[in-house]
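J.: show me how the following folds:
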Amino acid sequence: MNEFVIISKDVFEEMVGKFNHFSDRVNEILGKREEGRLSRWMDNQDVCQQLRISPRTLQTLRDNGTLAYSQIGHKIFYKPEDVLRIVQLVEDRRKDATCRGKTI
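T.: The predicted model follows:
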């Protein structure tokens with residue numbers, strides 16, 4: 001048995017307005033929380049672009065345990081924090097090499 005509730009147009013529009021305000025506020029809070037971080041899981045293409053590496057190099061990072069990943073079916077995903085850790089590692093190595101007179 002279906003039940004129906006009938007409300008006036010004014011009440012409905014007020015509810016929609018309040019919901020939109022609530023939704024905007026939630027998005028604002030989430031945006032502040034995610035500032036400065038990558039906020040979603042990354043796929044192979046995202047990681048290759050972020051690290052400026054080839055798919056084969058990415059495979060090597062997975063194989064030698066340098067970069068953790070999760071696999072769902074045939075698709076591989078990476079946590080943004082793990083990718084940022086690799087970015088920091090590469091930057092540190094570049095700084096070290098530059099300090100020793102080498103360039104990478």
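J.: C-alpha from now on. contacts and neighbour counts both.
T.: OK.
J.: quick check: closest non-adjacent residue to Ile86.
T.: Nearest residue to Ile86 in three dimensions, chain neighbours excluded: Leu67, at 7.5 Å (Cα to Cα, 6 or more residues apart in numbering).
J.: domain assignment for this structure?
T.: 7-36, 42-99 (automatic domain parsing).
J.: now do the longest one: distance from first to last residue.
T.: If I follow you right, that is domain 42-99. 32 Å (Cα to Cα, to the nearest Å).
J.: tell me how far the helix or strand harbouring Asp10 lies from the chain's centre.
T.: According to DSSP states H and E, Asp10 maps onto helix 9-34. In this view, helix 9-34 has its centroid 24 Å away from the chain centroid, taken as Cα atoms, centre = their mean, to the nearest Å.
J.: mean pLDDT lowest for which of the domains of the chain?
T.: Mean pLDDT per stretch puts domain 7-36 lowest among these, at a mean of 81.
J.: off-centre distance for it?
T.: Centre-to-centre, domain 7-36 and its host chain are 23 Å apart (Cα atoms, centre = their mean).
J.: rewinding a little: next structured bit after the helix holding Asp10?
T.: strand 42-43.
J.: in the following helix or strand past that following strand, which residues are buried?
T.: If you walk from strand 42-43 toward the C-terminus, the next helix or strand you reach (DSSP H and E) is helix 44-51. Applying a neighbour-count criterion of 16 or more other Cα atoms under 10 Å, one finds Asn44, Val47, Cys48 buried in helix 44-51.
J.: from Asp46, how far out is the residue nearest the centre of the chain?
T.: Among the residues of the chain, the one closest to the centroid is Arg40, at 2.4 Å (Cα atoms, centre = their mean). Distance from Arg40 to Asp46, counting by Cα to Cα: 11 Å.
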